[in-house]
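K.L.:
dropping a prediction and its sequence here:
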Amino acid sequence: MRSVSSFAAIGFVLALTCGLTLRAEDLVAPTEISVAGGKVKIEVPGGWEKQEPRSRIIEFEFEIPPVKGDANGRFTVMGAGGSVKANLDRWQGQFVNAAAKPTITETKKEKMTVHTFEMEGTYKDQAGPFAPAVQKENYKMMAAILETKQYGLIFLKAYGPRETLSKSDEAFKKMIESIQVE
């Protein structure tokens, strides 16, 4: 039986030979996390590095690797209150000078509804609810609200420099598809 690192090495050589761009998440196995007492499982993309959460209300936090010359992105997972609409509106309000309105979708899956949110522009980054905001230009947010009957709302939020987040767009979508609710 071959090890995971052997398959990663073979994939790396094939990608170089074919001129493909490799991402960290292509070479590292996803990290499985669980929330809601272990009843909701999520496969966080490989290459996203687990961090100590900056706030007590955040259950999980990961650093998204940057593209060259960019800053890291941030990914957080938490349960919270409020309505779906109120939270989508709050996320939209975290942007100023946005070129367009956010892209919001709703997908019904077994045992949950997934509301996704994507927006780009100048992001008002805050360390906490009462901390002053620092405006960061050319930022992107990709987020999802998992609406479950049994476990309430669960928030998945990735944000950072637009190029860094755009590089992880497919990995974020794959993560959303990976979600399992018991």
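P.N.:
Sure, I can see it.
K.L.:
show the contacting residues for Gln150.
P.N.:
If you count contacts by C-beta atoms under 8 Å, 6 or more residues apart in numbering, Gln150 has them with Ala36, Lys39, Lys111, Val181. Every C-beta, even on glycine, is put in place using the N, C-alpha and C of the backbone.
K.L.:
among the residues you listed, which pair sits farthest apart?
P.N.:
When C-beta to C-beta is used, the two most widely separated members of the contacts of Gln150 are Ala36 and Lys111, lying 11.1 Å apart.
K.L.:
hey, what's in contact with both of the two?
P.N.:
Overlap between the contact sets of Ala36 and Lys111, as judged by C-beta under 8 Å, 6+ apart, is given by Thr148, Gln150.
K.L.:
now the contacts of Gln150 in TSV, with secondary structure, pLDDT and neighbour count?
P.N.:
Written out in TSV, the entries for the contacts of Gln150 read as follows (DSSP: H, G, I helix; E, B strand; the rest coil; pLDDT from 0 to 100; neighbours: other C-beta atoms under 10 Å):
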residue	secondary structure	pLDDT	neighbour count
Ala36	coil	95	17
Lys39	coil	95	14
Lys111	coil	93	16
Val181	strand	95	17
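K.L.:
which among the residues you listed gets closest to Phe155?
P.N.:
Closest approach between the contacts of Gln150 and Phe155, by C-beta to C-beta: Ala36, at 12.1 Å.
K.L.:
for the closest one, which non-adjacent residue is spatially closest?
P.N.:
Using C-beta to C-beta, 6 or more residues apart in numbering and skipping residues adjacent in sequence, the residue nearest Ala36 is Tyr151, 3.7 Å away.
K.L.:
what segments of the chain are strands?
P.N.:
Counting by DSSP state E, the chain has these strands, from start to end: 31-35, 40-44, 49-51, 60-64, 73-79, 95-96, 103-109, 112-125, 134-148, 152-161, 180-181.
K.L.:
now these in a markdown table, with distance to Ala171?
P.N.:
A markdown table is the format used below for the strands of the chain (distance: least, C-beta to C-beta, whole Å):
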| stretch | distance to Ala171 |
| --- | --- |
| strand 31-35 | 12 |
| strand 40-44 | 9 |
| strand 49-51 | 13 |
| strand 60-64 | 9 |
| strand 73-79 | 10 |
| strand 95-96 | 22 |
| strand 103-109 | 17 |
| strand 112-125 | 14 |
| strand 134-148 | 10 |
| strand 152-161 | 9 |
| strand 180-181 | 17 |
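K.L.:
what's the closest of these to Lys174?
P.N.:
Evaluated with C-beta to C-beta, the strands of the chain place strand 40-44 nearest to Lys174, the distance being 7.9 Å.
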